[in-house]
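> Here is my input, please return the structure:
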Amino acid sequence: MLLWPALVACSADDESVLLPPSQRSEVERAARAGDLVAIKRLIAHHEAMPFEQAASERWRERARDLGDAQELYFQAARKYVAAEVEVDDETRYRLLLEAHHAAQRAQASRPERSTELLEQQIARAIEAQ
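You can find the predicted model right below:
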């Protein structure tokens, strides 16, 4: 009985990010033109849909290409975590370099203390290689 309100809340959140077909083409057109707000809407839309992770990742990549600090930070964090569990030294080093580059771009785009700390942590891991 206690689980039911949580399920209703989750489905309501999913519905609030889903784009109706009447708006989707307009949002996609704006996103293709480089509108970061539209890209973020498409990311949220695809994240809420089952089996739409590939589409979400394509829009995340587009946001990173445009220098979106949030997506660059998340990319840096994901690469860093992947490097931490990687057993192959060469692959680990490559992941750390990619993480460091993404963190540097995020910091250049929008300086944040959390990004600075992540960048320093990644740099220490690179030095320890």
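> same question for the helix or strand that contains Ala77, mean pLDDT?
Element membership of Ala77 [criterion: DSSP states H and E] is helix 69-85. The predicted model gives helix 69-85 an average pLDDT of 97.
> Same question for stretch 103-118.
Across stretch 103-118, the average pLDDT comes to 97.
> From the contact counts, what lies against the following helix or strand past the helix holding Ala77?
Under the assignment DSSP H and E, the closest C-terminal helix or strand after helix 69-85 is helix 89-109. Contacts of helix 89-109 with other secondary structure elements, assessed using 3 or more Cβ pairs under 8 Å, 6 or more residues apart in numbering; DSSP states H and E, are made with helix 69-85, helix 113-128. To be clear about C-beta, it is placed using only N, CA and C from the backbone, and glycine gets the same treatment.
> could you check the angle helix 89-109 makes with the helix holding Ala77?
Computed by axes from the mean of the first three to the mean of the last three Cα atoms, to 10 degrees, the angle separating helix 69-85 from helix 89-109 equals 160 degrees.
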